[in-house]
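1. my questions concern the predicted model and sequence given below.
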Amino acid sequence: MRVIVDANIVFSGILNSTGNIGNLLINSRRIFNFIAPEFLQQEIRYNYQKLMNISKLPFEDLLEEKYRICKSILFISEEQIFMENWEFAYNLANDIDPKDIVYLAFAKQYECNLWTGDKQLKKGLSAKGFENVVSTNEMLDIRQQILSEKLLKNEND
(Lines give C-alpha, C1' and ligand atoms only; values in the text may rest on other atoms or scores of the structure.)
Protein backbone atom coordinates (compact mmCIF):
# COMPACT_ATOMS: atom_id res chain seq x y z
CA MET A 1 0.00 0.00 0.00
CA ARG A 2 1.49 3.34 -1.07
CA VAL A 3 1.31 6.26 1.37
CA ILE A 4 2.55 9.83 1.01
CA VAL A 5 4.27 11.07 4.17
CA ASP A 6 4.40 14.76 4.94
CA ALA A 7 7.07 16.78 6.73
CA ASN A 8 5.45 16.73 10.16
CA ILE A 9 5.37 12.92 10.08
CA VAL A 10 9.02 12.64 9.08
CA PHE A 11 10.14 15.23 11.63
CA SER A 12 8.15 13.49 14.35
CA GLY A 13 9.73 10.18 13.41
CA ILE A 14 13.23 11.65 13.57
CA LEU A 15 12.53 13.27 16.94
CA ASN A 16 11.07 10.08 18.43
CA SER A 17 11.97 6.98 16.46
CA THR A 18 10.61 4.73 19.23
CA GLY A 19 7.15 6.32 19.20
CA ASN A 20 4.21 5.26 17.04
CA ILE A 21 5.29 7.30 14.04
CA GLY A 22 8.89 6.10 14.17
CA ASN A 23 7.68 2.54 14.67
CA LEU A 24 5.42 2.75 11.64
CA LEU A 25 8.14 4.24 9.43
CA ILE A 26 10.85 1.83 10.56
CA ASN A 27 8.87 -1.39 10.92
CA SER A 28 6.26 -1.30 8.16
CA ARG A 29 8.27 -1.56 4.96
CA ARG A 30 6.62 -4.86 4.02
CA ILE A 31 3.19 -3.31 4.43
CA PHE A 32 3.52 0.28 3.26
CA ASN A 33 5.47 1.91 0.46
CA PHE A 34 6.23 5.36 1.86
CA ILE A 35 6.70 8.16 -0.66
CA ALA A 36 7.73 11.78 -0.11
CA PRO A 37 8.73 14.73 -2.28
CA GLU A 38 12.46 15.04 -2.83
CA PHE A 39 12.52 18.57 -1.39
CA LEU A 40 11.70 17.12 2.04
CA GLN A 41 15.31 15.94 2.33
CA GLN A 42 16.47 19.55 1.88
CA GLU A 43 13.93 20.70 4.45
CA ILE A 44 15.33 18.20 6.95
CA ARG A 45 18.89 19.43 6.34
CA TYR A 46 17.74 23.05 6.67
CA ASN A 47 16.21 22.22 10.07
CA TYR A 48 19.10 20.20 11.58
CA GLN A 49 19.80 22.85 14.22
CA LYS A 50 16.14 23.08 15.22
CA LEU A 51 15.90 19.28 15.38
CA MET A 52 19.05 19.11 17.53
CA ASN A 53 17.66 21.76 19.89
CA ILE A 54 14.34 19.94 20.29
CA SER A 55 15.77 16.44 20.57
CA LYS A 56 18.91 17.36 22.53
CA LEU A 57 20.73 14.87 20.29
CA PRO A 58 24.27 15.48 19.07
CA PHE A 59 24.58 15.96 15.33
CA GLU A 60 25.87 12.43 14.67
CA ASP A 61 22.95 10.86 16.56
CA LEU A 62 20.48 13.08 14.72
CA LEU A 63 21.93 11.90 11.40
CA GLU A 64 21.52 8.29 12.55
CA GLU A 65 17.86 8.90 13.45
CA LYS A 66 17.30 10.62 10.11
CA TYR A 67 18.82 7.64 8.33
CA ARG A 68 16.68 5.14 10.29
CA ILE A 69 13.51 7.05 9.43
CA CYS A 70 14.28 8.02 5.84
CA LYS A 71 15.65 4.69 4.61
CA SER A 72 12.09 3.40 4.32
CA ILE A 73 10.89 6.39 2.28
CA LEU A 74 11.14 6.67 -1.48
CA PHE A 75 11.91 10.30 -2.29
CA ILE A 76 10.64 11.33 -5.72
CA SER A 77 11.29 14.53 -7.64
CA GLU A 78 8.42 16.97 -7.80
CA GLU A 79 9.08 17.16 -11.53
CA GLN A 80 7.44 13.74 -11.89
CA ILE A 81 4.02 15.13 -10.93
CA PHE A 82 1.65 15.94 -13.79
CA MET A 83 0.40 19.52 -14.09
CA GLU A 84 -3.25 18.51 -13.64
CA ASN A 85 -2.36 16.99 -10.26
CA TRP A 86 -0.64 20.22 -9.20
CA GLU A 87 -3.75 22.14 -10.24
CA PHE A 88 -6.03 19.74 -8.39
CA ALA A 89 -3.93 20.04 -5.22
CA TYR A 90 -3.70 23.83 -5.49
CA ASN A 91 -7.46 24.21 -5.84
CA LEU A 92 -8.03 21.86 -2.92
CA ALA A 93 -5.47 23.08 -0.39
CA ASN A 94 -4.42 26.62 -1.21
CA ASP A 95 -6.90 28.15 1.23
CA ILE A 96 -6.20 25.51 3.91
CA ASP A 97 -2.39 25.37 3.92
CA PRO A 98 -0.41 26.14 0.75
CA LYS A 99 2.63 24.23 2.11
CA ASP A 100 0.65 21.00 1.78
CA ILE A 101 -0.14 21.38 -1.91
CA VAL A 102 2.90 19.30 -2.87
CA TYR A 103 1.80 16.38 -0.69
CA LEU A 104 -1.70 16.43 -2.13
CA ALA A 105 -0.30 16.54 -5.66
CA PHE A 106 1.72 13.42 -4.84
CA ALA A 107 -1.32 11.70 -3.29
CA LYS A 108 -3.35 12.47 -6.41
CA GLN A 109 -0.53 11.38 -8.76
CA TYR A 110 0.01 8.06 -7.02
CA GLU A 111 -3.66 7.51 -6.10
CA CYS A 112 -2.92 6.92 -2.45
CA ASN A 113 -3.44 8.32 1.01
CA LEU A 114 -1.61 11.23 2.58
CA TRP A 115 -0.39 10.51 6.12
CA THR A 116 -0.31 13.66 8.20
CA GLY A 117 -0.60 14.74 11.78
CA ASP A 118 -2.13 18.06 10.73
CA LYS A 119 -5.68 17.87 12.05
CA GLN A 120 -6.65 21.20 10.50
CA LEU A 121 -5.55 19.97 7.07
CA LYS A 122 -7.44 16.71 7.45
CA LYS A 123 -10.58 18.51 8.60
CA GLY A 124 -10.37 21.11 5.81
CA LEU A 125 -9.86 18.51 3.11
CA SER A 126 -12.65 16.34 4.48
CA ALA A 127 -15.00 19.34 4.36
CA LYS A 128 -14.17 19.60 0.65
CA GLY A 129 -14.86 15.89 0.09
CA PHE A 130 -11.23 14.72 -0.06
CA GLU A 131 -11.00 11.69 2.22
CA ASN A 132 -7.59 10.28 1.26
CA VAL A 133 -5.92 11.60 4.41
CA VAL A 134 -4.98 9.32 7.28
CA SER A 135 -3.81 9.96 10.83
CA THR A 136 -1.18 8.03 12.74
CA ASN A 137 -3.85 6.10 14.63
CA GLU A 138 -5.50 5.13 11.34
CA MET A 139 -2.11 4.01 10.00
CA LEU A 140 -1.63 1.83 13.09
CA ASP A 141 -5.09 0.33 12.55
CA ILE A 142 -4.43 -0.32 8.85
CA ARG A 143 -1.12 -2.00 9.65
CA GLN A 144 -2.74 -4.18 12.32
CA GLN A 145 -5.55 -5.16 9.96
CA ILE A 146 -3.12 -6.10 7.19
CA LEU A 147 -0.94 -8.09 9.59
CA SER A 148 -4.00 -9.90 10.95
CA GLU A 149 -5.17 -10.75 7.44
CA LYS A 150 -1.71 -12.08 6.54
CA LEU A 151 -1.60 -14.16 9.71
CA LEU A 152 -5.05 -15.58 9.03
CA LYS A 153 -4.10 -16.37 5.44
CA ASN A 154 -0.92 -18.15 6.58
CA GLU A 155 -2.91 -20.20 9.09
CA ASN A 156 -5.34 -21.26 6.36
CA ASP A 157 -2.62 -22.25 3.88
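-> Right, received. Where do you want to start? Numbering: from 1, shown residues only.

2. mean pLDDT per helix and strand in this protein: which one sits at the bottom?
-> helix 136-156 (a mean of 87; mean pLDDT, DSSP states H and E).

3. mind listing what's buried along stretch 10-22?
-> Residues of stretch 10-22 classed as buried: 10-17, 21-22 (neighbour count, 16 or more other C-beta atoms under 10 Å). C-beta here means a position set from N, CA and C on the backbone, and glycine is covered the same way.

4. show me what that stretch is in contact with.
-> 9, 24-26, 36, 40, 44, 47, 51, 54-55, 62, 65-66, 68-70, 73, 117, 136-137, 140 (C-beta atoms under 8 Å, 6 or more residues apart in numbering).

5. from the residues you listed, which would you call buried?
-> By 16+ other C-beta under 10 Å, the contacts of stretch 10-22 give 9, 24-25, 36, 40, 44, 51, 62, 65-66, 69-70, 73, 136, 140 as buried.
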